[in-house]
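**Q** Give me the fold of what follows.
(2 chains)
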Number of protein chains: 2
Amino acid sequence: MTFLEKVKSAQAKSGTILCVGLDTDYQKLPEVLDDERNPVLAFNKAIIDATSDLVCCYKLQIAYYEAYGERFYESVQSTLGYIPKHILTIGDVKRGDIGATSEKYAHAYQDMFAFDAITINPLMGFDAAEPFLRREDRGVFFLGLTSNPGARDFEYLELKNGKKLYEEITDKVREWNEPRKNAGLVVGATKPQELRALRERAPELPFLIPGVGTQGGTMEEVKEANGNGIAIVNVSRGIIAASNGKDFAEAARAAAMKFRT
Amino acid sequence: MTFLEKVKSAQAKSGTILCVGLDTDYQKLPEVLDDERNPVLAFNKAIIDATSDLVCCYKLQIAYYEAYGERFYESVQSTLGYIPKHILTIGDVKRGDIGATSEKYAHAYQDMFAFDAITINPLMGFDAAEPFLRREDRGVFFLGLTSNPGARDFEYLELKNGKKLYEEITDKVREWNEPRKNAGLVVGATKPQELRALRERAPELPFLIPGVGTQGGTMEEVKEANGNGIAIVNVSRGIIAASNGKDFAEAARAAAMKFRT
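**A** Numbering: from 1, shown residues only, chains lettered A, B, ... in the order given. Below you'll find the predicted structure:
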């Protein structure tokens, strides 16, 4: 199955474009998990149990797992093993390095952990991106326009050719997508106008859209701006941090239901 | 000690600006290490034993360790523990994400592994960079101009304001450096002309200069172009892959001696 077929299949089966971000912070877990052998893993399993019929995708923000130290590998591997096979998995890693190094990251996240898709930082250009694009069945979402204030520092810069940097990046990602149709773009939900314009610019690219919920974007705005394009909309804290009590999993389910509709 | 004092002290003690890149590829280790419990760690220890009187710094390219799976954490932690305290350590991680996520990476690499410095991708702007800059005694090298061909795709783009993107990044990094004097720039050794110009543009910033050896840059060109600025020059494969036989450590020492002079 190609990456796009995987996305379409996961969205058809679940009836939604909602992705839950498992940005699981070991320092902010519900106390009820204190006695678990691996509290992060226990938390993720409870969230997956409570939401897997409501979502098309889980996205793991890898920073939270790297900060977990010795339990990094086990927590990621076992979480992925617990996610039902028809649901997409995204490794939010934002890597990118010289070719030989990118190959190593590709091995780690596409072969070893075997995420269906990963996020990549495009700054270093094509030879840094290419090792991630070799696997036809794996998606690669490049940072296009991010949801944070610092996007103003470089992404919005106007180029001599009349484009903004994020538009130039988008045009390059369209080229990089050609051989295997497995590239996509990260576009922040906090910028619906730009999202609409990018959707017109790159109608064929799947978008990964973070920033709904805590960061300020709304599902309605995003759906309206995205139109008919393929999109995965991620909500992290708005779902997984809906409650910090014993009811954290039910609260996450209720929040997911709300974002879904 | 501030970060700059640390660098100056390490370079004064060792009498060199040479850094050895521990880009240790578990798939390409000398056969003589096959029976070791952790061959990557055994390799690193042998290289450190053979070169620690010849260098001011070791840089770990984290991709190689992440690709090592379950042994990621132990291999990084134990390698760092084996490096003599007066020698600098750099975590080549090229991370960068929204603020809350960058904080987690900062925790992982600056607190947990406690690298003296790390490399960061500046694309997402200030709020993505800021969490790494909070620790006065830790250096943060932002990607300025990288040594790979793909640098042409975005880093060299001409902006409407007349600068190239990598020059704009350099100017921002100078601002980010102001509060704590702990920022620096990654500038590839394969571009001596641009290195010279960047040195004039940012005389106060320490440069981390990769790309000497296998990638094509030479130590002479780099020293000439860098002039009197503070610089750490990294050589990876040119030293650690000097031999793949039983003599790998002595060969690495001989190669380091050559690059040093």
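**Q** Only C-alpha atoms from now on, for both contacts and neighbour counts.
**A** Will do.
**Q** per-residue confidence for A:T190?
**A** In this model, A:T190 is scored at 89, pLDDT.
**Q** Looks like it contacts A:G216 (just checking).
**A** Yes: between A:T190 and A:G216 a contact is recorded at 6.1 Å, counting by CA atoms under 8 Å.
**Q** who's more crowded, the two?
**A** A:T190 (24 against 11; other CA atoms under 10 Å in any protein chain shown).
**Q** Now that one. Nearest residue, chain neighbours left out?
**A** A:G217 (4.6 Å; CA to CA, 6 or more residues apart in numbering or on different chains).
**Q** which residues touch the one you found?
**A** A:A189, A:T190, A:K191, A:G211 (CA atoms under 8 Å, 6 or more residues apart in numbering or on different chains).
**Q** Recalculate using a threshold of 10 Å.
**A** A:S147, A:G188, A:A189, A:T190, A:K191, A:P192, A:I209, A:P210, A:G211, A:V235 (CA atoms under 10 Å, 6 or more residues apart in numbering or on different chains).
**Q** State the distance from the fifth one to A:R134.
**A** When you say that, I think you mean A:K191. Applying CA to CA, to the nearest Å, the value for A:K191 to A:R134 is 31 Å.
**Q** Give me the more crowded residue out of the two.
**A** A:K191 (19 against 16).
**Q** The residue nearest to the more buried one when sequence neighbours are not counted: what secondary structure?
**A** Excluding its sequence neighbours, the residue lying closest to A:K191 (CA to CA, 6+ apart) is A:S147, at 7.1 Å. Here A:S147 is recorded as coil under DSSP: H, G, I helix; E, B strand; the rest coil.
**Q** so how far is the helix or strand of chain A with the lowest mean pLDDT off the chain centroid?
**A** Across the helices and strands of chain A, the lowest-confidence element by mean pLDDT, DSSP states H and E is helix A:219-226, at a mean of 94. Chain-centre distance of helix A:219-226: 17 Å, with CA atoms, centre = their mean, to the nearest Å.
**Q** One more: stretch A:206-225?
**A** 12 Å.
**Q** How about it, which residues are buried there?
**A** Burial within stretch A:206-225, assessed by neighbour count using 16 or more other CA atoms under 10 Å in any protein chain shown, is assigned to A:206-213, A:215, A:217-219, A:221-223, A:225.
**Q** and of those, the nearest to B:G99?
**A** Proximity of these to B:G99 (CA to CA) peaks at A:Q215, which lies at 11.4 Å.
**Q** Can you give me the pLDDT of the closest one?
**A** On the pLDDT scale, A:Q215 gets 78.
**Q** you'd agree it is in a helix?
**A** No: A:Q215: not assigned to a helix; according to three-state DSSP it is coil.
**Q** Return the list of strands paired to the one helix or strand A:T119 maps to, each annotated with direction.
**A** Secondary structure assigned from DSSP states H and E places A:T119 in strand A:117-120. Strand pairing for strand A:117-120, determined by DSSP bridges: strand A:88-95 (parallel), strand A:139-145 (parallel).
**Q** Between the ones you listed, which shows the greatest average number of neighbours?
**A** Across the strands paired with strand A:117-120, averaging neighbours per residue (mean count of other CA atoms under 10 Å in any protein chain shown) puts strand A:139-145 on top, at a mean of 28.
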